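Enquirer: Based on what follows, work out the 3D shape:
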Amino acid sequence: MSGEEEEFYVRYYVGHKGKFGHEFLEFEFRPDGLLRYANNSRYKKAMMIRKEGAPTPISILSCFTHTFTPPVTVGQEVLDELKRIIQLSEITKENDKSWPEPDAVGRQELEIVINNQHISFVTAKIGSLVDVEESKDPDGLKMFYFLIQDLRCLVFSLIGMHFKV
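Expert: Numbering: from 1, shown residues only. Below is the predicted model of the structure:
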């Protein structure tokens, strides 16, 4: 199956509502290469950082310092690497029914469409590997935890290459 026929989508959200309002980090990769990123915090009167855009032949576009920026896209090579990371994690074999429920501390959401599968996970924010080990499904949650770490590193690297966040 070619990349054009296969649907592919990834969205991650982590956030909570607290003293500084709704604080969250969210990113999304779309099949056309569009990378959307938002980081909202009112800590020290910070403003929302949002990066998004539409596809171009260049892997990542432009450097802009305002809270809204011109298009941010990734090339097919980046999408292929993202797919490889997800497939190697084997997260599609997991389910979240034994994972901690979202609570006052916050929630995490991961949505993936890959290989004709559409999967979604929702769990509480994970503070450390201690939280993972103490859960009812430490193996599955550990897989989720390390995949999220990999995805966040990838996104921060891509954004950091061209933006001062």
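
Enquirer: contacts and neighbour counts: CA atoms only from here.
Expert: Noted.

Enquirer: now stretch 99-107, how far from the chain's geometric center?
Expert: Centroid displacement of stretch 99-107 relative to its chain, using C-alpha atoms, centre = their mean, to the nearest Å, is 17 Å.

Enquirer: And the next helix or strand past the helix or strand of the chain with the lowest mean pLDDT?
Expert: Counting by mean pLDDT, DSSP states H and E, the weakest-scoring helix or strand in the chain turns out to be strand 49-51, with a mean of 54. If you walk from strand 49-51 toward the C-terminus, the next helix or strand you reach (DSSP states H and E) is helix 76-89.

Enquirer: Determine the set of other helices and strands touching that next one.
Expert: Based on contacts counted as 3 or more C-alpha pairs under 8 Å, 6 or more residues apart in numbering; DSSP states H and E, the elements that helix 76-89 packs against are helix 138-162.

Enquirer: Give the rounded mean pLDDT of the helix it packs on.
Expert: Here the mean pLDDT over helix 138-162 is 91, rounded to a whole number.

Enquirer: Return the set of buried residues in it.
Expert: With burial defined by 16 or more other C-alpha atoms under 10 Å, the residues of helix 138-162 counted as buried are 138, 140-142, 144-145, 147-148, 151-152, 155, 158-159.
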